[in-house]
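Trainee: sequence plus predicted model, see below.
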Amino acid sequence: MLKWVEVDLGAVRANARWARSRLEGAARLMAVVKADGYGHGAVPVARTALAAGASCLGVLTVEEARGLRAGGIKAPIHLLSPVLPEAADEAVRLRVVPTLDDLTQAAALARAAGPRGLAVHVDLDFGLGRWGLSPRDLPAFLKGLRRRRLRLAGVSTHIDYVPGKNSVEAEDKLRAFSRLAQKLKREHPGLVCHAANSSVLMDFPHWRMDMARVGNLLYGINPSSRPAPLRNPWRFCARIISLRRVVKGRSIGYASEYVASRSMRVATLPVGYADGLTMEPAERLISFGSGFQYWGMVGQAKAPFIGRCGITHVLLDVTAAPRAAVGDVVVLPVRRTAASPHLPRVYKVPSCSRAG
């Protein structure tokens, strides 16, 4: 292979076990595998996380749930966004746990479920503004659920918390949600209340409640400044297909924009922006400014990108890796969810794995 993504499922398992260890008592771990498991592959990640102690899975859409069921996953699957009315029949058929914030959705699910009814979760908006019911509208909404034979099984929120930016506000919102959740628990025994994603679990572990929805931590990404013994399960790799020497002063690359400031060795890799390369990573990970360069790693040597990244190729300065040869592997930076799904995923499978 000339280019591929390596996924270490042993690292996913270790991360899931660590996240599970952060929960106390009967609190559950939801493994979030939306966006094809953040690019790692939803089905293999789901199997690994379930074997490591996750009790359920989280996806965004019915289509994602369909892929998990087609892959043989039988564990509970939660839809984290409101289900569209036209997707209600399939949601019931796939046995997913829907999230609601509108009675039109409720009516469609009630029709699809029939007389047996359905257990649902309701999402509340505490400021993020993407979806969710206003807390003041909840009492009337719950009456509408009862009329439609829908049983309230859980209540959730996703607050607008960014580590290091609005922690005081986040604490206030989590406390307000908890007060509301405790009142609902008295009225609905067995209600599952959840507000903790990876960031909240790290920085506000006292608000883990009944379930934590873990995505980033599962994939070795720590959104917090607090330390965590996470392992990186991801490597984007490509092989050098050409090597040449470039003399000082020579222009190379598109539009002759790059002029060599010194004599250098230049490697060509068969990857480009069609593969997800140079799709900017998150602001908190890399701060862009004048003179910023991407780079790959040839062994332990850093190899900066040269000129513009093409659709299916990129040039690297491998002068710092004098032994680099055609066929050698270069590890490259890429935002995981931007990596092309057409890139082969090569899985390192941990021992004693079992399906969920």
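Mentor: Perfect, I can see it now. These numbers come from a predicted model, not from an experiment. Numbering: from 1, shown residues only.

Trainee: quick one: the strands in the stretch 1-150 of the chain, in order.
Mentor: 3-8, 28-32, 56-59, 77-82, 96-100, 118-124, 150-157 (DSSP state E, counting those that start in this stretch).

Trainee: could you check how many residues crowd around the residue lying closest to Gly132 once chain neighbours are set aside?
Mentor: Beyond its immediate neighbours in the sequence, the residue positioned closest to Gly132 (CB to CB, 6 or more residues apart in numbering) is Asp125, lying 3.2 Å away. Bear in mind the C-beta positions are built from the backbone N, C-alpha and C, glycine included. The number of residues packed near Asp125 is 18, by other CB atoms under 10 Å.

Trainee: Asp125 reaches Asp137, doesn't it?
Mentor: No - using CB atoms under 8 Å, Asp125 is not in contact with Asp137; the gap is 9.7 Å.

Trainee: low-confidence stretches in the chain?
Mentor: Across the chain, the ranges flagged by pLDDT under 70 are 280-292, 351-356.

Trainee: any idea which residue sits dead centre in it?
Mentor: For the chain, the residue sitting closest to the mean C-alpha position, by CA atoms, centre = their mean, is Tyr38 at 3.9 Å.

Trainee: how about the residue nearest to Gly132, phi and psi?
Mentor: The phi and psi torsions at Asp125 (degrees, to the nearest 10) take the values phi -90, psi 110.

Trainee: what sits against it?
Mentor: Contacts of Asp125 were listed using CB atoms under 8 Å, 6 or more residues apart in numbering, and they are 101, 131-135, 157.

Trainee: among these, give me the pair with the biggest separation.
Mentor: Checked with CB to CB, those reach their widest spread between Trp131 and Pro135, with 13.9 Å between them.

Trainee: helices along this structure, start to end?
Mentor: Counting by DSSP state H, the chain forms helices over residues 9-21, 34-38, 42-51, 62-70, 88-93, 103-113, 138-147, 167-187, 198-203, given from the N-terminal end onward.

Trainee: what would those helices look like in TSV with distance to Cys309?
Mentor: Written out in TSV, the entries for the helices of the chain read as follows (distance: least, CB to CB, whole Å):
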stretch	distance to Cys309
helix 9-21	28
helix 34-38	22
helix 42-51	28
helix 62-70	30
helix 88-93	39
helix 103-113	42
helix 138-147	49
helix 167-187	37
helix 198-203	30
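
Trainee: to Phe305, which of those lies closest?
Mentor: Comparing the helices of the chain under CB to CB, the one sitting nearest is helix 34-38, at 23.9 Å.

Trainee: report the distance from the closest one to the chain centre.
Mentor: Relative to the chain's own centre, helix 34-38 is displaced by 6 Å; criterion: CA atoms, centre = their mean, to the nearest Å.

Trainee: and the contacts of it?
Mentor: With CB under 8 Å, 6+ apart as the contact definition, helix 34-38 has outside contacts at 42-46, 58-61, 64, 80, 215, 218-219, 336-337, 341.

Trainee: ok, 7 Å please
Mentor: Surrounding helix 34-38, the residues in contact under the criterion CB atoms under 7 Å, 6 or more residues apart in numbering are 42, 45, 58-60, 64, 80, 215, 219, 336-337, 341.
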